[in-house]
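A.B. asks: I would like the atomic coordinates for the input below:
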Amino acid sequence: MNRFNNMTIKYSFKASIPIMAGYIVLGMGFGILLESKGYGWWWAFLMSLFIYAGSMQYVAIDLLAGGASLISTALMTLLVNIRHLFYGITMLEEYKNTGTKKPYLIFSLTDETFSLVCSPKLPREVHKKDYYFYLSLFNQSYWIIGSVLGNVIGNVFSFNSAGVDFWCL
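C.D. replies: Prediction:
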């Protein structure tokens with residue numbers, strides 16, 4: 001790894017620290033709630049890896065537990081995440097020429113990540129396209145860690161999870 005990439009990774013990590021604080025806490029809420037409905041840590045891991053849409057993941061818990069149809073799940077997903085369409089449109093030019101990273105950058109564009117990728121004043125040594133990628137990767141990692149940690153905590157310690165879904169939405 002050259003100094004250029006090393007600087008980009010360090011800068012991306014520093015920029016992601018405020019997101020880490022929120023994602024770990026909110027991810028834990030998701031993991032606790034998921035566990036309270038009888039779903040293990042690997043559900044938290046896989047949902048956070050492949051869905052990675054905080055509010056939709058909370059909604060998905062009730063959809064899974066209630067046996068919702070695929071059509072109602074798809075409709076609910078569309079309604080909850082419609083704002084991402086507009087985020088994505090505004091990032092078309094920025095994500096241009098990102099190569100094989102582009103699908104992940106589109107997938108991982110959350111509200112918080114969007115706020116950090118759309119307005120950076122990056123130092124000259126930081127490669128913008130790599131900054132987008134590392135920032136997105138760090139942010140998703142925090143959500144995954146929080147979700148799994150919350151699920152494990154919910155499994156180890158018994159407590160009333162009523163209101164966790166309301167608190168985290």
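
A.B. asks: show me the shaky parts of this structure.
C.D. replies: For the chain, applying pLDDT under 70 flags the ranges 1-4, 159, 161-169.

A.B. asks: tell me where it has helices.
C.D. replies: For the chain, helices defined by DSSP state H occupy the ranges 3-36, 41-50, 54-66, 70-81, 83-90, 102-107, 111-117, 128-156, 164-168.

A.B. asks: most tightly surrounded among those helices?
C.D. replies: helix 128-156 (a mean of 21; mean count of other Cβ atoms under 10 Å). In this view, the C-beta of every residue, glycine as well, is placed from N, C-alpha and C.

A.B. asks: relative to helix 54-66, how tilted is that helix?
C.D. replies: Computed by axes from the mean of the first three to the mean of the last three Cα atoms, to 10 degrees, the angle separating helix 128-156 from helix 54-66 equals 40 degrees.

A.B. asks: next one: helix 128-156 to chain centre, how far?
C.D. replies: Once both centres are worked out by Cα atoms, centre = their mean, to the nearest Å, helix 128-156 turns out to sit 7 Å from its chain's centre.

A.B. asks: many thanks, we can stop here.
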